[in-house]
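model the following, please.
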Amino acid sequence: MGEELYEPIIGGDWGRHACRVYAPVGAHEDLLPYLVRRLLENGANTSFVNRIVDATLPAEEVVADPVAEVASLERASHPRIPVPLNLFGAERRNSAGFNFADGSAIDALLVACARESAQPWTAAPIVAGLELRGPSATIRNPAQRDDVVGTVVNADTAAVDAAFVAATRAAPAWDGLGAEKRATILERAADLFESRTAALVARCVCEAGKTLADAIAEVREAVDFLRYYAAAARRDFAHELTLPGPTGERNVLRLRGRGVFGCISPWNFPLAIFTGQVAAALAAGNAVLAKPAEQTPLTAAFAVQLLLEAGVPPEVLNFLPGEGSVVGAALTRDARIAGVAFTGSTDTARLIERSLAARNGAIATLIAETGGLNAMIVDSSALAEQVVLDVVSSGFNSAGQRCSALRLLVVQEEIMARVKTLLAGYMNELRIGDPAELATDIGPVIDAEALAMLATHATQITHGSRWQHRVPEANVQAKGLFFRPLAVEIDRISVLEREVFGPIVHLVSYRAKDLDAVVDSINALGYGLTLGIHTRIDGLAQRVARRARVGNVYINRNMIGAAVGVQPFGGCGLSGTGTKAGGPNYLHRFATEQTITTNTAAIGGNAGLLSLSTR
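So this is what the prediction gives:
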């Protein structure tokens, strides 16, 4: 491609100069993608190689300094391309990102996190703005078990009852405040969250074992939830919807809060899901009883502190840390509860469903997002390198402790051997250790019970397996609750009966002619949360997506990290009730609808008819 450049330099009129030729060397399968990229780049109309042979272009224009050209512009950004902050237009402001390539920004974050970690962290029940006292328990860092990160006072049934009294009394006034004012408070909370990013990141890292990148992403998701639900409240709750009908009658539909909502959140997203549930319930006009996971009350307690500081009335938001068998049971069996938003295991969701059904009060709403036996289907046209990148991020990120995480990798038999080879090689490079260190790829699992469960499953599933590979022991850089990620080949999809919540990916091969049967086998598992598809054949991807009974389908990318308002998240079947968090219909599940019909003929009719013109 560069003959026109080399010849004048080596032996042209300018004299003879040494010229180094850049010639990549490698196997055909490695060089072919590289060659395609170079053809695309150098064949573009704007490329230097293309422009240098264009005789119509002045030499000065061809060799113009691009840095100087950019510096001469009045503005560097394109006026029709929004900057990240304005990605969502007038609806809402995007959450602030973080540049991990900026060393000074990383240093500042680490210093701020260390300063926050040096402070005493506590959590206790907050009922009507009053913090309740009682015996406390310690919360330990899952990456360093000798590190006590804080203490928690757990709520009892008396605290739950007091919270119901306060919330039931406050709910009507909060609903009557109006969507606009509620939205303003939530947006103020979003700004407070961003201003205290380091405090929130430190808690996510030390209490939940999140890596720095995951912790930043979690803060961003919480901020996005606050702003997205504020915008949704303005759109759907601030105004009545006028419905079509005959003249002489006026029909409108309005949304209002249900009353008191219970929000029961998990430990794997102690900030984002906790905040999302609470923000949605508040935006729709409900009072809230918020129960965080037993393992991560400190992060949730700080989030509640910021929400109250933003202006949420103390009686409207009540905080109830504690055991599920005590707080959760008391909350879900009470006749005063109007609905429950729950994220967690399928078994716990069933318990909540039965508890709500056994009450003598009004029929309550259950919004449940549970786990999944999430699969990724890879056909022979897929790029194996990209597949492996997405398998590792989907299956092992956050130590596999995401409800959306990859559990089952189904690969067409023609490329299975290459995928296994690449996957093993990548796994050998993963570093497991303290999530507070930037070099760490994978942090700890949440507690000793989770670690024991994973170890038991690993022993059982690898017994007599066709192929298996684990991250080497030498890659574990700390002592804590660490489980080395495992990839293991199994005989058939039906071997898996329930979700295993951790960094274990099960591989199965399939024949191309059996693709529909593969999708049917995945559906038969009963779960329906996420599905990944890797193929370069769009028609095949759309065919699989239509056949699969899942809530979220990801094509040629990883299966985790759903963005609020962009990829609404939620499943069906054993994976939940189907209502998608971060989606346009989510707030409606927290509301009741009221239709108002007025006979306008009884008070003079439709006066507008008198002014109608035939023209």
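
could you use CA atoms for every contact and neighbour count after this?
Will do.

how about residue 491: what's its closest non-neighbour residue?
Closest residue in space to residue 491, ignoring its immediate chain neighbours: residue 508 at 6.5 Å, by CA to CA, 6 or more residues apart in numbering.

tell me the secondary structure of the one you found, please.
Look at residue 508: counting by DSSP: H, G, I helix; E, B strand; the rest coil, its state is strand.

run a quick neighbour tally on it.
As a burial measure, residue 508 scores 18 neighbours (other CA atoms under 10 Å).

thinking it is in contact with residue 409, fair?
Yes. Contact criterion CA atoms under 8 Å: residue 508 and residue 409 qualify, at 6.2 Å.

show me what contacts residue 275?
222, 225-226, 300, 303 (CA atoms under 8 Å, 6 or more residues apart in numbering).

now it: how far from residue 564?
12 Å (CA to CA, to the nearest Å).

helices along the stretch 401-550 of the chain, start to end?
With DSSP state H, counting those that start in this stretch as the criterion, the stretch 401-550 of the chain has helices at 416-427, 448-462, 515-524, 538-547.

show the average pLDDT along the top strand by length along the chain.
Criterion DSSP state E: the longest strand present in the chain is strand 144-153. The average pLDDT for strand 144-153 rounds to 96.

go on, stretch 602-609?
77.

again with stretch 337-351
Stretch 337-351 carries an average pLDDT of 97.

quick check: buried residues in it?
Using 16 or more other CA atoms under 10 Å as the test for burial, stretch 337-351 gives 337-346, 348-349.

tell me who's in contact with residue 359.
Contacts of residue 359 (CA under 8 Å, 6+ apart): 333-335.

do residue 419 as well
Residue 419 touches 384-385, 387-388, counting by CA under 8 Å, 6+ apart.

show me what the longest strand of the chain is packed up against.
Applying 3 or more CA pairs under 8 Å, 6 or more residues apart in numbering; DSSP states H and E, we find strand 144-153 packed against strand 122-123, strand 136-141, helix 297-310.

any idea of the angle the last one forms with strand 144-153?
So that's helix 297-310. Here the directions of helix 297-310 and strand 144-153 differ by 50 degrees (axes from the mean of the first three to the mean of the last three CA atoms, to 10 degrees).

show me which residues of helix 297-310 are buried.
297-304, 306-308, 310.

distance from the chain centre to that helix, please.
Centroid separation for helix 297-310 versus its chain: 20 Å, with CA atoms, centre = their mean, to the nearest Å.

again, but for the first one
Centroid displacement of strand 122-123 relative to its chain, using CA atoms, centre = their mean, is 26 Å.

backbone phi and psi for residue 163, please?
The phi/psi pair for residue 163 (degrees, to the nearest 10) reads phi -70, psi -40.

neighbours of it, how many?
27.

got a list of what the residue nearest to residue 491 touches?
Residue 508 neighbours (CA under 8 Å, 6+ apart): 408-411, 489-493.

and which of these is nearest residue 447?
The closest of the contacts of residue 508 to residue 447 turns out to be residue 408 (CA to CA; 23.7 Å).

surely that closest one and residue 375 touch.
Yes. Residue 408 is within contact range of residue 375, at 4.5 Å (criterion: CA under 8 Å).

which residues of the protein score low on pLDDT?
1-2, 4, 12-15, 615 (pLDDT under 70).

what's the longest helix anywhere in it packed up against?
Ranked by residue count, the top helix of the chain under DSSP state H comes out as helix 212-237. Helix 212-237 sits against helix 179-195, helix 197-208, strand 250-257, helix 272-283, with contacts defined as 3+ CA pairs under 8 Å, 6+ apart.
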